[in-house]
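Peer 1: got a structure for you, letters missing:
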């Protein structure tokens, strides 16, 4: 196993410490329980957005804590759900008196633990469950579709709504709307290696790829021969369109997301393929994002997400944001 | 070879097209000759900053074209110098009447071609040659030290100076000053594969790493057994300090740069190690940047850069920038 680490047991603690030191202007870090909170804590009168999940998907979620996005992130061990006590501590740290919105990717462990935290918490809470992965209907770690890269889009758009003062019910409804308007599917060229496991999560041949892979290396739709970027874009967008059925009038957000080990040069090439496919289908791409946002350690591969933006969602996407991994107009 | 591409011959063209489409608000793209220019072309009265080099180091340089940084980037084929006609066309496209500053990484092909472009160009030009890589005194592709990740810092700081109206001589002097105040060294855990070659640039064993690797996979100081992140940070910072000799009074910029295939989780862990080493040495880290900025395709590995910032350099680093890969206060 080739990784830039010291000891397997200290990976999360040390990485989190580094994140906190690199972004001390934006966040506060707690190591027991492990938490990343927005600098200065809760903002009075604002709905507090809290997300979290297993580590290994960086910059998700800690990289999205800051103005216009999350108030806190709860990082679990690599590919392992955080615990209810982390979530409870996060809520207490950033509660602004207007309620807590949990943003949860649909995996059994995450769902259960956020639910427990909600029961333990003394105050109003709501949950937005993301399940944008159109690859499979159920999976190794989830009942129903998995939550993947569209979670970034939910966090950005709802984060902007909370920042302008929307109340808890409105934030919850908006998050559900963004999630329902989104579809994602990904592919993997290589596996990833969980530090504590020490060996690749799955085996894959030199001329194979996994179509519809999950962000923990879970199986997707099928193992296929290597495809060209144009073919990958076509297959992913076809699958997404079957789910969200965009019309030519819809303003779409296109996210081409790297899995961690894919160079930017390839991500822009895949984006170009996706734009060609969108053009052939008469789809209108109104906003774009290309880069590593919801990753799987050092996996080589990528996912494509489409979100149908209504006018309000587009405005909130464009609103100022200042986090470690997404920043504009601030 | 596992890459998200269509055909080997089209990698650069298609990736560049994708970049242009994803950032149409920031840049214009030309495909013949290949160029990325700041949207709207030259700004009257402003020194124009032009960089370039082989592709495969994304986001360097195209990702740094925009307000407060570069006016144009000339991408060569992967790990291959761009040609003088690209550079000449770039100069003609962005000339604002205040002269052209070429920012050139020290590799023989780049140096020769930028020199030719300067001779062909009908107007005042100056060159800042970056040679921050302290690993080796000469290399496969360079006489003298190689130019690597500090080139990003030169482009940011001199870009801000040009934006505020500094003249050509001042920009040239400032660029030289930033370069001289900087040192970088990197390590590789894996090789990278140039698409046109189809096989890894070098062989490396499962328990080995290359200490002082070049950004094209050129040999560094030595092949060593895998080191821990703390040991890597110590070795790299030791080598850099031997070159730039920082004192405890210096405000340092610390850049932990990924080589393309290393997950953010490991880069923040290495940053934490580097901060510990800096602390033990009584060094003052005043600014930080962590991420993939000067890459080598999908190579796993990282480099550390330290720059001694004077007051002016720190102010210019903090000044607004709006490019695809670096953006703040804008």
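Peer 2: In hand now; what should we look at? Computed from a predicted model, the values in this text were never measured in an experiment.
Peer 1: the residue of the stretch 201-330 of chain A found nearest chain B: what's it in contact with?
Peer 2: When you check the stretch 201-330 of chain A against chain B by CB to the nearest CB, the closest residue turns out to be residue A:272, at 3.2 Å. Every residue, glycine included, has its C-beta placed from N, CA and C. By CB atoms under 8 Å, 6 or more residues apart in numbering or on different chains, the residues touching residue A:272 are A:229, B:14, B:15, B:17, B:18, B:21.
Peer 1: buried ones in the helix or strand it falls within?
Peer 2: Under the criterion of DSSP states H and E, residue A:272 resides in helix A:264-280. Judged by neighbour count (16 or more other CB atoms under 10 Å in any protein chain shown), helix A:264-280 contains these buried residues: A:264-278.
Peer 1: and after that helix, which helix or strand comes next?
Peer 2: Next along from helix A:264-280, by DSSP H and E: strand A:284-291.
Peer 1: show me what counts as buried in that next one.
Peer 2: A:285, A:287, A:288, A:289, A:290, A:291.
Peer 1: the stretch 151-300 of chain A: strands as residue ranges?
Peer 2: A:182-188, A:208-211, A:222-225, A:251-258, A:284-291 (DSSP state E, counting those that start in this stretch).
Peer 1: ok now the third one, how far from the chain's centre?
Peer 2: Meaning strand A:222-225. 25 Å (CA atoms, centre = their mean, to the nearest Å).
Peer 1: got the angle for the helix holding residue A:272 vs strand A:251-258?
Peer 2: Orientation note: helix A:264-280 sits at an angle of 150 degrees relative to strand A:251-258 (axes from the mean of the first three to the mean of the last three CA atoms, to 10 degrees).
Peer 1: now the angle from helix A:264-280 to strand A:284-291?
Peer 2: Counting by the same axes, to 10 degrees, helix A:264-280 lies at 170 degrees to strand A:284-291.
Peer 1: between strand A:182-188 and helix A:264-280, find me the angle.
Peer 2: Between helix A:264-280 and strand A:182-188, the angle comes out at 130 degrees (the same axes, to 10 degrees).
Peer 1: show me the contacts for whichever residue of the stretch 101-250 of chain A sits closest to chain B.
Peer 2: Across the stretch 101-250 of chain A, no residue is closer to chain B than residue A:189, which sits at 4.2 Å (CB to the nearest CB). Counting by CB under 8 Å, 6+ apart, residue A:189 touches A:204, A:209, A:226, A:262, A:300, A:301, B:2, B:3, B:4.
Peer 1: and the fifth one, how many neighbours?
Peer 2: Applying other CB atoms under 10 Å in any protein chain shown, we find 24 other residues in the vicinity of residue A:300.
Peer 1: with the fourth one instead?
Peer 2: Around residue A:262 sit 29 other residues, with neighbours defined as other CB under 10 Å.
Peer 1: got the phi and psi for residue A:14?
Peer 2: The phi/psi pair for residue A:14 (degrees, to the nearest 10) reads phi -70, psi -40.
Peer 1: show me the contacts for it.
Peer 2: Residues in contact with residue A:14 (CB under 8 Å, 6+ apart) are A:5, A:6, B:229, B:269, B:272, B:273.
Peer 1: before we move on, back to that, redo the strands of the stretch 151-300 of chain A as CSV? Include mean pLDDT.
Peer 2: Compiled in CSV, the strands of the stretch 151-300 of chain A are given as follows (pLDDT from 0 to 100):
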stretch, mean pLDDT
strand A:182-188, 98
strand A:208-211, 98
strand A:222-225, 97
strand A:251-258, 98
strand A:284-291, 98
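Peer 1: which one of the ones you listed lies nearest to residue B:114?
Peer 2: strand A:284-291 (28.7 Å; CB to CB).
Peer 1: residues in contact with that closest one?
Peer 2: For strand A:284-291, contacts defined as CB under 8 Å, 6+ apart pick out A:152, A:248-258, A:264, A:267-268, A:271, A:275, A:278, A:309, A:314, A:317-318, B:18, B:21-22.
Peer 1: of the residues you listed, select the buried ones using a PyMOL command.
Peer 2: Here is the PyMOL command that picks out the buried ones among the contacts of strand A:284-291, judged by 16+ other CB under 10 Å:
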select buried, (chain A and resi 152+250+251+252+253+254+255+256+257+258+264+267+268+271+275+278+309+314+317) or (chain B and resi 18+21+22)
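Peer 1: leaving out sequence neighbours, find the closest residue to residue A:329.
Peer 2: In space, not counting the residues next to it along the chain, residue A:329 is nearest to residue A:320; the distance is 4.0 Å by CB to CB, 6 or more residues apart in numbering or on different chains.
Peer 1: scratch that, residue A:162
Peer 2: Spatial nearest neighbour of residue A:162, chain neighbours left out: residue A:47 (4.4 Å); criterion: CB to CB, 6+ apart.
Peer 1: run a quick neighbour tally on that neighbour.
Peer 2: Each residue near residue A:47 was counted by other CB under 10 Å, and the total is 28.
Peer 1: how is chain A divided into domains?
Peer 2: Listed by automatic domain parsing, the domain ranges of chain A are A:10-181, A:183-318.
Peer 1: who in the stretch 101-250 of chain A is up against chain B?
Peer 2: Taking CB under 8 Å from any CB of the partner chain as the criterion, the stretch 101-250 of chain A approaches chain B at residues A:189, A:190, A:206, A:209, A:226, A:228, A:229, A:230, A:232.
Peer 1: picking that back up, looking at the contacts of residue A:272, which one is closest to residue A:36?
Peer 2: Nearest to residue A:36 among these, counting by CB to CB, is residue B:18 at 32.0 Å.
Peer 1: that older thread, tell me which of the domains of chain A approaches residue B:32 most closely.
Peer 2: Ranking the domains of chain A by proximity to residue B:32 (CB to CB) places domain A:183-318 first, at 16.8 Å.
Peer 1: mind checking the end-to-end distance for that closest one?
Peer 2: Distance between the boundary residues of domain A:183-318 (CA to CA, to the nearest Å) amounts to 20 Å.
Peer 1: from the contact counts, what lies against the helix or strand hosting residue A:109?
Peer 2: Assigned by DSSP H and E, residue A:109 belongs to helix A:108-120. The contact analysis (3 or more CB pairs under 8 Å, 6 or more residues apart in numbering or on different chains; DSSP states H and E) places helix A:108-120 against strand A:48-55, helix A:84-94, strand A:100-105, strand A:125-130.
Peer 1: with that, I have no additional questions.
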